[in-house]
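Okay, predicted coordinates and the sequence, questions at the end:
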Amino acid sequence: MRARISPQKNYAAGVGPGDVMLGGAIGEVIRSNSPEYKPGDFVVSDLTFGWQDYAVISHSVVRRIDPDLAPLPCWLDFMGLNGLTAYIGLVESGGIRPGDTVLISAAAGSVGQIAGQIAKLTGCRAIAVTSSEEKIARCRELGYDAGINYRTEPDLAAAIAKECPDGIDVFFDNTAGPIHDAVLQNLATHARIIVCGTVALAETFGQPDIGPRFMRQILVARARIEGFLVLDYQHRYVEARTRLAEWNRAGKLQYQYDIADGLENTPNAFLRMLTSKNLGKQLVRVGPEA
Ligand SMILES: NC(=O)c1ccc[n+]([C@@H]2O[C@H](COP(=O)([O-])OP(=O)(O)OC[C@H]3O[C@@H](n4cnc5c(N)ncnc54)[C@H](OP(=O)(O)O)[C@@H]3O)[C@@H](O)[C@H]2O)c1
């Protein structure tokens, strides 16, 4: 979303001044010309509802929510794009295997909380990198084996080396920037690096990322680094959602939301997320909850 309001080249079209800001949401059907939906049904869209109270959209860009599988807000979290991103990113791009050491940046965020739990459910060791002791404590509750505070560690690369003496097998990178640079100095042989998000570069506006270059470490570890975009894996969504719903039904998934109230507070909620203040999935309640 941050990239969509910047003029720099992105994988998707940007949002211009005067356009409705894109955003995923859960909506209640008020009226429908489609025989598939009736008033009172709940549907979710990954992007097209946008930041507004009401939307007129094609039935082809929404999915019906089955509240028996998971409560409504979960469809914006582990049953939504972020859960799919965590699952498919780790399984497909990361190729996680039991015994792997998996390090996740923005670990206490929405994608990060789910990714850490999936890593543990798959038999991996999960390491959280995040910005506060409170967030590390939350990650430990979720099952992460260890947490590293990137804001207070004087030497982040050394702190990671201490926690992961055999190196990182899978790096789920939600941030890029200095955290990425520190992890690249700690790769295990045949490490896989999933480039999922670049929030630390949010203000660079297309300028070159001027951190150190670690091509030698990529060679020495014979590591693979891959840009990951969940939208490329729509053929895997049903499988991923089925797996996530099974874990949830078995009581194996924890989730947490950070809810702001009122559409008018959406920009503020967005800024909270970009400044590390959210704990769990940042949501905005735009109407009474069903
Ligand atoms: N590639 C895809 O298909 C795909 C799909 C969905 C989401 N994503 C990406 O996944 C990432 C996580 O998304 P989310 O919705 O789950 O958000 P989130 O993790 O709930 O919130 C973003 C987090 O980023 C961290 N952060 C903010 N500024 C930072 C900085 N300068 N340096 C380091 N960390 C910073 C903060 O956590 P700390 O407290 O740890 O700093 C913040 O809470 C985002 O980058 C998003 O764009 C990618």
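Okay, I see it.

drop to CA atoms for contacts and neighbour counts, all remaining ones
Fine.

Can you list phi and psi of the nearest residue to Ala107 once chain neighbours are set aside for me?
Leaving aside its sequence neighbours, Ala107 sits nearest to Ala128 (C-alpha to C-alpha, 6 or more residues apart in numbering; 5.1 Å). The phi and psi values for Ala128, taken as degrees, to the nearest 10, are phi -100, psi 140.

neighbours of Ala128, just the number please.
Neighbour count of Ala128, defined by other C-alpha atoms under 10 Å: 26.

do the same with Tyr11
By other C-alpha under 10 Å, the residues close to Tyr11 number 8.

And the residue nearest the centre of the chain, how far from Thr175?
In the chain, the centroid-proximal residue (C-alpha atoms, centre = their mean) is Val111; its distance is 2.7 Å. For Val111, the distance to Thr175 (C-alpha to C-alpha, to the nearest Å) stands at 12 Å.

now swap in Gly280 and tell me
16 Å.

Also Phe78?
As defined by C-alpha to C-alpha, Phe78 lies at a distance of 19 Å from Thr175.

neighbour-wise, which of the two wins?
In this view Phe78 and Thr175 are compared by other C-alpha under 10 Å, and Phe78 has more residues nearby, 29 against 19.

Quick check: that one touching Ile114?
Yes. The pair Phe78 / Ile114 is scored as a contact, 6.6 Å apart, by C-alpha atoms under 8 Å.

any residues in contact with both of the two?
Tyr255 (C-alpha atoms under 8 Å, 6 or more residues apart in numbering).

who in the stretch 51-200 of the chain is up against the ligand?
81-82, 85, 106-112, 130-131, 174-175, 196-200 (C-alpha under 6 Å from any ligand atom).

Just these: which are in strands?
Thr130 (DSSP state E).

which residues of the chain fall in strands?
Using DSSP E, strands in the chain cover 25-28, 42-45, 63-64, 101-105, 125-130, 146-149, 168-173, 187-195, 224-227, 257-261, 281-285.

Could I get the contacting residues of the closest residue to Leu229 other than its chain neighbours?
In this structure, Leu229 finds its nearest non-sequential neighbour in Cys196, 6.9 Å apart by C-alpha to C-alpha, 6+ apart. Neighbouring residues of Cys196 by C-alpha under 8 Å, 6+ apart: 89, 172-175, 227-229.

closest to the ligand among those residues?
When those are compared for distance to the ligand (C-alpha to the nearest ligand atom), Leu229 wins out at 3.5 Å.

Can you report how many residues lie near Ser110?
Neighbour count for Ser110, taken as other C-alpha under 10 Å: 24.

I am assuming it contacts Leu76, so please confirm or correct that.
No. The criterion here is C-alpha under 8 Å, and Ser110 misses it with Leu76 at 9.6 Å.

Overlap of the contact sets of those two?
By C-alpha under 8 Å, 6+ apart, Ser110 and Leu76 have these common neighbours: Asn82.

Next one: the residue nearest to Ala86 when sequence neighbours are not counted from Ile127, what distance?
Excluding the flanking residues, the one nearest Ala86 by C-alpha to C-alpha, 6+ apart is Ala115, at 4.7 Å. From Ala115 across to Ile127, the span is 11 Å (C-alpha to C-alpha).

Quickly list what's touching both of the two.
Common neighbours of Ala115 and Ile127, using C-alpha under 8 Å, 6+ apart, are Ile104.

what ranges do the helices span in this structure?
Remark: helices assigned in the chain by DSSP state H are 81-88, 110-121, 133-142, 156-163, 177-184, 215-221, 237-249, 266-274.

Off-centre distance for the longest one?
So that's helix 237-249. The chain centroid and the centroid of helix 237-249 are separated by 16 Å, computed with C-alpha atoms, centre = their mean, to the nearest Å.

and it with helix 110-121, angle?
Using axes from the mean of the first three to the mean of the last three C-alpha atoms, to 10 degrees, the inter-axis angle of helix 237-249 relative to helix 110-121 is 70 degrees.

Mind listing residues that contact helix 237-249?
Helix 237-249 is contacted from outside by 69-70, 78-79, 83-84, 87-88, 253-254, using C-alpha under 8 Å, 6+ apart.

show me what contacts the residue nearest to Ala107?
Contacts for Ala128 (C-alpha under 8 Å, 6+ apart) come out as 103-108, 116, 136, 139, 144-148.

Between which two of those is the distance greatest?
Maximum pairwise distance in the contacts of Ala128, criterion C-alpha to C-alpha, is 15.3 Å, between Ala106 and Asp145.
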